[in-house]
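*Asks:* Predicted model, plus sequence, below.
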Amino acid sequence: MKPEPAYRHGSAPKTALLFCNLGTPEAPTAAALRTYLAQFLSDPRVVEIPRLIWMLILHGIILRVRPAKSAAKYATVWLPEGSPLKVWTERQSKLLQGLLGERGHRLSVRYAMRYGQPSIAAQLDALRTEGATRVLVLPAYPQYSGATTASVIDDVARWSLQTRHLPELRFINRYYDQPQHIAALADSVRRHWAEHGRSDKLVMSFHGMPARTLALGDPYHCECLKTGRLLAEALGLSREQWLVTFQSRFGKAKWLEPYTEPSLIKLAQEGLKSVTLICPGFSADCLETLEEINQEAREAFLHAGGQRFSYVPCLNDDPAGLRALADLAEQHLQGWPTREVADASALAAQRERALALGAKD
Ligand SMILES: C=CC1=C(C)c2cc3[nH]c(cc4nc(cc5[nH]c(cc1n2)c(C)c5CCC(=O)O)C(CCC(=O)O)=C4C)c(C)c3C=C
Ligand SMILES: [Fe+2]
Ligand SMILES: [Fe+2]
């Protein structure tokens with residue numbers, strides 16, 4: 001166990017919000033991708049193949065081939081400030097801090113990445129040093145899956161195994177069906193249609209998962225389908241006007257179906273002329289939405305005979321999306337009095353009492 005700040009009598013409880021996203025490479029280079037993919041793909045929550053066999057495949061084949069290919073894709077979406085996923089996640093956490101502050105909450109908001117920097121452990125250490133005694137962990141995934149949400153919880157648990165004086169911990173497992181979240185998504189589609197025109201179909205593409213995880217009890221597939229239904233209902237779409245698909249298949253095994261790109265090609269070949277794409281499983285734009293959807297899938301649809309492909313950005317810094325996250329945080333902060341103004345005299349009296357009892361300050 002690592003050394004910790006000395007215990008201080010009479011410190012006021014302090015609450016923090018830790019906003020955790022997946023993580024991203026430090027640069028769009030093969031070397032940075034190798035480091036990132038090695039950590040990401042070694043997580044047994046992400047690849048559920050017997051360890052020894054998987055480590056041989058990962059280090060013998062994948063980490064020799066994929067880094068350069070993925071780096072080239074990242075280079076097409078990289079921003080002057082860095083990886084889109086990191087730029088958005090950092091901005092979301094700052095805006096969330098401001099929004100909760102405006103609502104009168106005194107709490108510190110930090111973001112962390114499950115893979116790469118800033119790590120969950122480093123941010124939890126920093127919060128402990130700041131004196132946080134209560135931490136609400138918000139994984140930036142609307143739908144729960146073992147590969148994402150549970151992996152964030154694993155990482156917090158790993159940190160807690162090394163920590164003596166633990167803060168109270170709470171976790172938000174999902175928010176896909178929160179009415180404010182669905183309303184923010186629906187509004188973003190309506191605004192997009194007002195600006196770019198409506199299409200024949202709305203395709204909602206979610207990150208895929210191996211199909212077997214559904215049979216093994218992962219709720220992700222159900223939560224994606226329900227997100228699709230709720231969003232379609234909010235937009236007043238009839239059943240033939242929308243479709244849920246799954247992207248980002250990895251490896252040869254069967255993943256959740258229907259797959260996004262083959263579905264778009266089939267739709268175009270059947271005569272569909274225009275399509276609107278949205279990725280409601282991603283809280284921020286990243287490689288998977290900007291490159292795989294807005295570049296690759298767009299090209300596949302147009303090449304197969306489609307005429308118009310329009311992409312609705314993720315909620316990113318959308319004010320309604322952030323208000324939904326702030327509402328969600330407030331709901332889960334209940335019972336933790338973040339609005340309580342620390343009463344200096346009560347605190348001083350508490351310290352006096354502790355000293356009178358002979359406790360060391
Ligand atoms: C190998 C298995 C993978 C599983 C299972 C998986 C699940 C999963 N991932 C996300 C969200 C994101 N994934 C992103 C990138 C990405 N995902 C995988 C593999 C699996 N994901 C890889 C190898 C990569 C890296 C890029 C590449 O080489 O293709 C990202 C984008 C990160 C970025 O830097 O922009 C996100 C976000 C979810 C939600 C999910 C399961 C529900
Ligand atoms: Fe992924
Ligand atoms: Fe991808």
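*Replies:* Looks like it came in fine. Ligands and ions are numbered 1, 2, ... in the order given.
*Asks:* Stretch 172-182: which residues count as buried?
*Replies:* 172, 174-176, 178, 180-182 (16 or more other C-beta atoms under 10 Å). No exception for glycine: its C-beta is placed from N, CA and C like everyone else's.
*Asks:* for stretch 201-213, that is, sorry about that
*Replies:* 201-210, 213.
*Asks:* picking up where we left off before, so which of the buried residues of stretch 172-182 comes closest to Asp155?
*Replies:* Ile172 (15.1 Å; C-beta to C-beta).
*Asks:* Test for you: state the pLDDT assigned to that closest one.
*Replies:* Ile172 carries a pLDDT value of 98.
*Asks:* leaving aside the residues next to it on the chain, what's closest to it?
*Replies:* With sequence-adjacent residues excluded and distances taken as C-beta to C-beta, 6 or more residues apart in numbering, Ile172 is closest to Leu138, at 4.8 Å.
*Asks:* and the one you found, what is it in contact with?
*Replies:* With contact taken as C-beta atoms under 8 Å, 6 or more residues apart in numbering, Leu138 is in contact with 17-20, 172, 325, 328-329, 332.
*Asks:* Just the buried ones from those?
*Replies:* 17-20, 172, 325, 328-329, 332.
*Asks:* Secondary structure and distance to ligand 3 for the residues you listed - can I get that in CSV?
*Replies:* Below are the buried ones among the contacts of Leu138 laid out as CSV (DSSP: H, G, I helix; E, B strand; the rest coil; distance: C-beta to the ion, whole Å):
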residue, secondary structure, distance to ligand 3
Leu17, strand, 29
Leu18, strand, 26
Phe19, strand, 23
Cys20, strand, 20
Ile172, coil, 26
Leu325, helix, 25
Leu328, helix, 27
Ala329, helix, 29
His332, helix, 31
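*Asks:* mind giving me a markdown table with those and columns for distance to ligand 1?
*Replies:* Converted to a markdown table, those look like this (distance: C-beta to the nearest ligand atom, whole Å):
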| residue | distance to ligand 1 |
| --- | --- |
| Leu17 | 20 |
| Leu18 | 18 |
| Phe19 | 14 |
| Cys20 | 12 |
| Ile172 | 15 |
| Leu325 | 16 |
| Leu328 | 18 |
| Ala329 | 20 |
| His332 | 21 |
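*Asks:* Can I get the residues you listed in CSV including distance to Leu37?
*Replies:* Below are those laid out as CSV (distance: C-beta to C-beta, whole Å):
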residue, distance to Leu37
Leu17, 29
Leu18, 24
Phe19, 23
Cys20, 19
Ile172, 27
Leu325, 29
Leu328, 31
Ala329, 31
His332, 32
